[in-house]
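*Asks:* Just a sequence and a predicted model for now, questions to come.
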Amino acid sequence: MRKYLFIFKSEVMSNLQYITNISISFIGIFLMLYIFLNLWKFIYSDPNELINGYSYNQMIWYVIFTEVIWSVVGGRKMCAKISEDVKAGNIAYNINKPYSYIGYCLSTNLGLCAVRAMLYIVLGLLIGLLFLHSFPSISILEAIAVFISFVFAIVISILMLTSIGLLSFFIEDSGPLYWMYSKFILVLGTIFPIEFFPMWARGILKYSPLNAVNYGPATLYVNFSWNSFILVIISQIVYLFIIYMICKLIYMKGVKRLNVNGG
Amino acid sequence: MLTEVKNQIRVMALSTKYSLMREMLNKVTFISNVFFMILNNASFIIQWLILFSLKEDLGGFTLKEVILLWGVAASTFGISRFFFSSAFKLSDTITNGKLDAFLVLPKDVLLSVITTDVSVSALGDMIYGYIMLIVYGITVENFITFTILTICGGLIVVSISVIFSSLSFYIVKADLVSDTANSLMTNFATYPDTIFKGITKMILYTIVPVGISVYLPVRTIIKFNVYNFFIIVVLCIVLMTIAYMVFNRGLKKYSSSNLMISRV
C-alpha cells in the first residue's frame, strides 16, 4: 500500500506544477454549466416550481455537482493514455515492476484527480453561488458524508475507464467504447436526475453504475438524508468490487496476448 | 492564377485521399469509429425526449426542429473535422515549430497545414447529419440547401479556428484562446439559440459565430430565405478571407529553431 501512496503523492506534487493549466481548463466546464443554466431557466418558468421533485436551485446544483465529478475524472485523456500504453507497448515497462498495473493506474490517476478536485470543487461552488446566490442547506457532517461518496465515485469512475482502456488488448482502438460510456454517463446521469426518466427506466437506472458514479452522490448533495447515504455507499462498495474484478479479469486475460517487439 | 488554384485543390484532394487510405488500413477500427460516432450522436435524442416531455416548445423549437439542428451541427462539425482536422491543432503546430516542414513545400502553407490529416470519426458526424435530415423530412430542395449550408458552416468553423490559432504567432498561450473558441462553437451548436438572451446571443452571432454556421442555416432549411442564404455564403467567404490574411500576416512573425520531425 505504501508504494501506491508514494505514487499518489508524486503525482499530486507533479500536477501541482501545472495548477494554472488545470484551472484554465475549467473554462470548458463553465461554458457547459452556462448552457444548462440557460436551458433550465427556460424550462422552469417559475423558480419555485417543482419538476419531478426538484426545484430550479436543486436542478442547477445537481448539474454543477455531476459536471464537477465528470471533469475531475477527465475520462477521455485517461482512457486514451491507457489505450495508447497498450497499443504502443509502453505497458511493458510497467508490468515488470513490483506493483499491480491496475493499482498503478488507480494511484496515478487519483493523484491528478485530487488536484483537479481541490480546484473544481471550489470553482463549482463559486459558480453555483454566482448563479443562485445560495448553497443547498447541508451541515458539516453531511458535507463530509457527501465528500466520502464523491471520493468513491471518482475511484469507481477511474476503474471503469481503466477497464475500457485495457480493452485495447482485444480491440485496437477503445476510443469508440469510451464515447459510448461517456454518453451513457452524460445523458443518463449528468444532465438530469433519474427521476426525470419514465417509471420503467428508473428502476433499471437506479441499479445501474449511475447511482455509484454520479446520480447517488449528487442527489445526496442537493437533498441529503442518512438513509439515502447508506444506500448510496452500499451501492458504491458493491460496484467498486464488481468493477475492480472486471478490470482485473480484462488485464489478466489481455496481458497474455501482449506482444511487444524491441523497445 | 486559375491553374495555381486548380493545382492547390488537386493537392488538397490528394492529401485527403491518402490520409483516408492510411486510416482505412485497419478496416475494423475504421468502421467502428464511424459507426460508434453515429451511435454516440444518436444518444442525445434521449436527452431531448426527456426535455420535451417537460416543455413541448423551446422558443419555437420542437423535437422536429431540434433533430434538424443536430443534423446541421453534426454535419458542419463533421465537414470541418474530416477535411481540415489539422486546423484544430494549428496552435500547437505553430507554438512547437512544426510549421517548418510545411514552409519548404511549393504550395500554400495554410492550406497544406490544415489538410494534412483527416479525422475518421468525423465521417460518422457527416453521415449522422444526413440521417437526421431524413428523419426531419428530406426533399430535393432541403437536401441541396442542407449540403451547401453545412459546407459553408464547416468552412466558417475552420476559419474561426485558424483566426484564433493564429494568435499563437504573437502570444505563447494562444492555444487556450483557440481551444475555448472551438469549444464554444461546438457546445453551443447543439442547443436552440432561443434559450440564450442578451449579450450571449450577441456573442453567438459575432465573435463566436455559431449563429451563422448553425442557427441561421437551420432557419433557412426550415423556411428557405434567399436573404439568409446569401448572408451565410457571403460571411463564409469573408471569414475565410480574414482567416487567410490573419494567418499569412502572422506567418511573417514565425520563427523556430529548425525542428527536426518526420511526417509519416
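*Replies:* Perfect, thanks for sending it.

*Asks:* so the residue of chain A found nearest chain B is in which element?
*Replies:* Nearest residue of chain A to chain B (CB to the nearest CB) works out as residue A:176 at 3.2 Å. Yep, even glycine has a C-beta here, placed from its N, CA and C like the rest. Assigned by DSSP states H and E, residue A:176 falls within helix A:175-185.

*Asks:* tell me which parts of chain B are close to chain A?
*Replies:* Residues of chain B found near chain A (CB under 8 Å from any CB of the partner chain) are B:26, B:28-29, B:32-33, B:35-37, B:39-40, B:43-44, B:46-47, B:50-51, B:54-55, B:58-59, B:121, B:176, B:179-180, B:183-184, B:187-188, B:191, B:194-197, B:200.

*Asks:* Show me these that map onto helices.
*Replies:* Within the residues of chain B next to chain A, residues falling in helices by DSSP state H are B:28-29, B:32-33, B:35-37, B:39-40, B:44, B:46-47, B:50-51, B:54, B:121, B:176, B:179-180, B:183-184, B:187, B:200.

*Asks:* Tally up the residues packed near whatever residue of the stretch 151-264 of chain B ends up closest to chain A, please.
*Replies:* Residue of the stretch 151-264 of chain B nearest chain A, by CB to the nearest CB: residue B:195 (4.6 Å). For residue B:195, the neighbour count with other CB atoms under 10 Å in any protein chain shown is 20.

*Asks:* just the one 5 residues further on next, same as before
*Replies:* The number of residues packed around residue B:200, counting by other CB under 10 Å, is 14.

*Asks:* which ones are touching the residue nearest to it when sequence neighbours are not counted?
*Replies:* Computed as CB to CB, 6 or more residues apart in numbering or on different chains, the closest residue to residue B:200 that is not its neighbour in sequence is residue A:38, at 7.2 Å. By CB atoms under 8 Å, 6 or more residues apart in numbering or on different chains, the residues touching residue A:38 are B:191, B:195-197, B:200.

*Asks:* Pull the most distant pair out of those residues.
*Replies:* B:191 and B:197 (12.9 Å; CB to CB).

*Asks:* More neighbours: the two, which one.
*Replies:* When residue B:191 and residue B:197 are compared for neighbours, residue B:191 comes out ahead with 23 against 13, by other CB under 10 Å.

*Asks:* Contacts only, for that one.
*Replies:* Counting by CB under 8 Å, 6+ apart, residue B:191 has contacts A:35, A:38-39.

*Asks:* where does chain A have low pLDDT?
*Replies:* Applying pLDDT under 70 to chain A flags residues A:260-263.

*Asks:* Report the closest residue of chain B relative to chain A.
*Replies:* Going by CB to the nearest CB, chain A is nearest to residue B:36 of chain B, at 3.2 Å.

*Asks:* picking up where we left off before, just the buried subset of the ones in helices among the residues of chain B next to chain A, written out for ChimeraX, thanks.
*Replies:* Those of those that count as buried under 16 or more other CB atoms under 10 Å in any protein chain shown are selected in ChimeraX with:
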select /B:29,32,33,36,37,40,44,46,47,50,51,121,176,179,180,184
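
*Asks:* residue closest to the middle of chain B?
*Replies:* Within chain B, one residue has its C-alpha closest to the average C-alpha position: by CA atoms, centre = their mean, that is residue B:80, at 3.0 Å.

*Asks:* Tell me the spacing between it and residue B:132.
*Replies:* Distance of residue B:80 to residue B:132, given as CB to CB, to the nearest Å: 17 Å.

*Asks:* Please apply the same query to residue A:195.
*Replies:* As defined by CB to CB, residue A:195 lies at a distance of 29 Å from residue B:132.

*Asks:* now residue B:90
*Replies:* 29 Å.

*Asks:* try residue B:174
*Replies:* Separation of residue B:174 from residue B:132 (CB to CB) stands at 34 Å.

*Asks:* which one of those two has more residues nearby?
*Replies:* Between residue B:174 and residue B:132, counted using other CB under 10 Å, residue B:132 has the larger neighbour count: 24 against 20.

*Asks:* Now the helix or strand containing the more buried one: buried residues?
*Replies:* Per DSSP H and E: residue B:132 is located in helix B:120-137. Residues of helix B:120-137 classed as buried by neighbour count (16+ other CB under 10 Å): B:120-133, B:136.

*Asks:* Give me the helices and strands touching that helix, please.
*Replies:* Contact analysis of helix B:120-137 by 3 or more CB pairs under 8 Å, 6 or more residues apart in numbering or on different chains; DSSP states H and E lists helix B:27-42, helix B:63-83, helix B:140-165 as its packing neighbours.

*Asks:* Of those helices, flag the one that's most buried.
*Replies:* Stretch with highest mean neighbour count among the helices and strands packed on helix B:120-137: helix B:63-83 (a mean of 24; mean count of other CB atoms under 10 Å in any protein chain shown).

*Asks:* which other helices and strands contact it?
*Replies:* Applying 3+ CB pairs under 8 Å, 6+ apart, one finds that helix B:63-83 contacts helix B:44-54, helix B:120-137, helix B:140-165, helix B:216-222.

*Asks:* could you redo the last one with a cut-off of 10 Å?
*Replies:* helix B:2-23, helix B:27-42, helix B:44-54, helix B:120-137, helix B:140-165, helix B:174-187, helix B:216-222 (3 or more CB pairs under 10 Å, 6 or more residues apart in numbering or on different chains; DSSP states H and E).

*Asks:* Tabulate these (a markdown table), appending mean pLDDT and distance to residue A:206.
*Replies:* Converted to a markdown table, the helices and strands packed on helix B:63-83 look like this (pLDDT from 0 to 100; distance: least, CB to CB, whole Å):
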| stretch | mean pLDDT | distance to residue A:206 |
| --- | --- | --- |
| helix B:2-23 | 85 | 41 |
| helix B:27-42 | 87 | 24 |
| helix B:44-54 | 88 | 16 |
| helix B:120-137 | 94 | 31 |
| helix B:140-165 | 96 | 40 |
| helix B:174-187 | 82 | 29 |
| helix B:216-222 | 95 | 37 |
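
*Asks:* Including distance to residue B:106, could those go into a markdown table?
*Replies:* Shown next, in a markdown table, are the helices and strands packed on helix B:63-83 (distance: least, CB to CB, whole Å):
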| stretch | distance to residue B:106 |
| --- | --- |
| helix B:2-23 | 10 |
| helix B:27-42 | 32 |
| helix B:44-54 | 44 |
| helix B:120-137 | 28 |
| helix B:140-165 | 21 |
| helix B:174-187 | 28 |
| helix B:216-222 | 36 |
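
*Asks:* out of those helices, nearest to residue A:121?
*Replies:* Relative to residue A:121, the nearest member of those by CB to CB is helix B:174-187, separated by 21.5 Å.

*Asks:* which other helices and strands contact that closest one?
*Replies:* Helices and strands touching helix B:174-187, by 3+ CB pairs under 10 Å, 6+ apart, are helix A:19-24, helix A:26-43, helix B:63-83, helix B:90-95, helix B:140-165, helix B:198-204, helix B:210.

*Asks:* got the angle for it vs helix A:26-43?
*Replies:* Here helix B:174-187 runs at an angle of 20 degrees relative to helix A:26-43 (axes from the mean of the first three to the mean of the last three CA atoms, to 10 degrees).
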